[in-house]
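**Student:** Quick one: sequence and predicted model below, then my questions.
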Amino acid sequence: MQNRRTAQIDLVKLSLFILKRIWIVAICAVIGFGAMYWYVSRSRVDTYTASGTMYVYNGNPNLVNYGYTNTSDLSSAVRLIDTYTIVMKSNKVMDVVSERLASAYPGITPGYLRGTLSMRSVSETGVVEVVCRTNDGQKSADICNMVLDVAPAEIIRVVSAGNIEVVDYATVPLRADSRNEMRRAMTGALAGAVLAAGILVLLFLLDRKIKDTDDLTNNFTPPVLSSIQRTKSGDSNPSEFLLKDSSSMTVLEHYAKLRMNLLYTLVGKESHTVVVTSAISGEGKSTITANLAISCAMSGKHVLLVDADLRRATQRDIFEYDRKLPGLSEVLIKTCSLDDAIRKSEREMLDLLPAGHLPPNPAELLSSKDMTDVLQELEKRYDLVLIDMPPINIVSDPLVVSSHVAGCLFVVRQDYSDQREVRKALKAAELTDMKVLGFVFYGEKINQGSYYSRRYYNKYYNSYYHSSDHRKHEDAQEHEHHHVNHKGAENK
């Protein structure tokens, strides 16, 4: 029943999903911006950077010659800078530097000095820059200059360099290093936005709810017979969702489309009995069944609506009839005749067969020969029999009548039905040879497609009926004009 398609991410849907929740991304970006700005401006200690340079005359030009462009020589130069750094931070150098600075900066240690120092080559030349960063400008300059005095001798001894000459000693930095509050705050904003977007993407991938008809056509084989606009109502009374003459033209046309497509699928079939079911409860199958029955009756079909949800009868609440009336369960246990159980509705051409009282064994009754006999009798009396039955994933009731009906309509509710539940129900129907005639997509946000969007749909019908009224007015004027001319001719 389901298509064997490789799972793909619909980038358009993902983009729309994120855009509809862009306010979450914006809020997280603002929070990230504020948090990072506060951290940089309040928590970070000011630092001061001082630097000096020295030139190294290498005794072995084959080891490194910064004038060469040979790749191996440049690689050697880079490795030699690392060597200089290791020598500069060696215990021998750091111990001397710490001893000489101890009087000015009591408690200074070789370990502290190593954390403040770094070394780098200046534009791939023989000039080496010694950099020191501390929380005091004078201290940074003093440490850097002391290293420039002490380190060259040790570097010459270890590396066998020809000579080292100090080019520039460090000066005391007048300003603290730039914190780049705004730059870091923008980084925080970007991080917050990316985090929020990542969470939304994860939620999108984990969300298996059916959003539109594309989720059905792309993942399952049965066709979508119609999309039904769910009526918004503040009243919890089920009868408020019942199709009426005063219902919107959009809803009436949706049910008309479902009716025509259903009758088309029944062409050539021996049976004209249809089960209406769903995967789980709460998807609107009872409302769809009731309104489809009314729509078919309005088209001139003699229709019977059977409430076969013996465990949780709903049609009695929709059509507001007495719950004590006998129904299908009494017919099956033969305490009531079929004629006595069927009742006329307020709609012409529509009859109802209530569920009756809850029996102790609903599944056994529905799978009995008596149920087969009842269905055969109803086929003779009515043009169409619609059976409201429980969800497939909850009980097996809809499946036990599979061999006695033309098939089933499968109701799916927007942003409620789960693809995994639908797949499970279709698999169960497939195993019992229950033919799924098609899906009925039920929701409050129905899209008619890029061309027949809801906006265009309403505009089309408003324009259509306005044109119709205008045509009637023109016809009336033309008739009146013709009548006046005719009367004038008679007077002559």
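**Tutor:** Received the coordinates, thanks.

**Student:** okay, and for the stretch 301-450 of the chain, where does confidence drop off?
**Tutor:** 447-450 (pLDDT under 70).

**Student:** Please repeat the previous calculation with a cut-off of 50.
**Tutor:** The stretch 301-450 of the chain contains residues with pLDDT under 50 at 448-450.

**Student:** Packing partners of the one helix or strand residue 115 maps to?
**Tutor:** Of the helices and strands defined by DSSP states H and E, residue 115 is found in helix 110-116. Counting contacts by 3 or more CB pairs under 8 Å, 6 or more residues apart in numbering; DSSP states H and E, helix 110-116 packs against helix 91-101, strand 127-134, helix 137-159. The C-beta positions use only the backbone N, C-alpha and C, and glycine is treated the same way.

**Student:** Compare the ones you listed and give me the one nearest residue 171.
**Tutor:** Smallest distance to residue 171 across the helices and strands packed on helix 110-116 (CB to CB): 6.2 Å, for helix 137-159.

**Student:** now the closest one and helix 91-101, what's the angle there?
**Tutor:** Going by axes from the mean of the first three to the mean of the last three CA atoms, to 10 degrees, helix 137-159 is angled at 150 degrees with respect to helix 91-101.

**Student:** where exactly do the helices run in the stretch 301-450 of the chain?
**Tutor:** With DSSP state H, counting those that start in this stretch as the criterion, the stretch 301-450 of the chain has helices at 315-318, 328-332, 338-341, 362-366, 369-381, 397-400, 419-431.

**Student:** JSON lines please, covering those and showing mean neighbour count and distance to residue 16.
**Tutor:** As requested, these are exported to JSON lines (neighbours: other CB atoms under 10 Å; distance: least, CB to CB, whole Å):
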{"stretch": "helix 315-318", "mean neighbour count": "20", "distance to residue 16": "35"}
{"stretch": "helix 328-332", "mean neighbour count": "24", "distance to residue 16": "45"}
{"stretch": "helix 338-341", "mean neighbour count": "14", "distance to residue 16": "50"}
{"stretch": "helix 362-366", "mean neighbour count": "19", "distance to residue 16": "43"}
{"stretch": "helix 369-381", "mean neighbour count": "14", "distance to residue 16": "45"}
{"stretch": "helix 397-400", "mean neighbour count": "24", "distance to residue 16": "35"}
{"stretch": "helix 419-431", "mean neighbour count": "18", "distance to residue 16": "18"}
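
**Student:** Can I get the ones you listed in TSV including distance to residue 260?
**Tutor:** Output for the helices of the stretch 301-450 of the chain, formatted as TSV (distance: least, CB to CB, whole Å):
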stretch	distance to residue 260
helix 315-318	23
helix 328-332	28
helix 338-341	30
helix 362-366	29
helix 369-381	21
helix 397-400	24
helix 419-431	23
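
**Student:** Nearest the geometric middle of this structure, what residue?
**Tutor:** residue 204 (3.3 Å; CA atoms, centre = their mean).

**Student:** Residue 331 versus residue 271, what's the distance?
**Tutor:** 19 Å (CB to CB, to the nearest Å).

**Student:** scratch that, residue 428
**Tutor:** When residue 428 is compared with residue 331 (using CB to CB), they lie 27 Å apart.

**Student:** Please apply the same query to residue 137.
**Tutor:** From residue 137 to residue 331 the distance is 99 Å (CB to CB).

**Student:** about what we covered before: now the helix holding residue 115: mean pLDDT?
**Tutor:** The pLDDT scores in helix 110-116 average 93.

**Student:** by how many degrees do the helix or strand just after that helix and helix 137-159 diverge?
**Tutor:** Tracing the chain past helix 110-116, the next element assigned as helix or strand by DSSP H and E is strand 117-121. Interaxial angle of strand 117-121 relative to helix 137-159 (the same axes, to 10 degrees): 60 degrees.

**Student:** Report all helices and strands that strand 117-121 contacts.
**Tutor:** helix 71-88, strand 127-134, helix 137-159.

**Student:** In the last one, which residues are buried?
**Tutor:** The neighbour-count check on helix 137-159 (16 or more other CB atoms under 10 Å) flags 137, 139-148, 150-152, 154-156, 159 as buried.

**Student:** I'd like the next helix or strand past that helix.
**Tutor:** strand 163-168.

**Student:** quick one: strands adjacent to that following strand?
**Tutor:** strand 48-57 (antiparallel) (DSSP bridges).

**Student:** and the strand it pairs with, average pLDDT?
**Tutor:** 89.

**Student:** buried set for that strand?
**Tutor:** Those would be 48, 49, 50, 51, 52, 53, 54, 56, for strand 48-57 by 16+ other CB under 10 Å.

**Student:** Wait, the second one touches residue 173, no?
**Tutor:** Spelled out, that is residue 49. Yes - counting by CB atoms under 8 Å, residue 49 touches residue 173, with 6.1 Å between them.

**Student:** For those two, list the residues in contact with both.
**Tutor:** residue 140 (CB atoms under 8 Å, 6 or more residues apart in numbering).

**Student:** Validate this expectation: the residue nearest to the centre of the chain resides in a helix.
**Tutor:** Yes - according to DSSP: H, G, I helix; E, B strand; the rest coil, residue 204 belongs to a helix.
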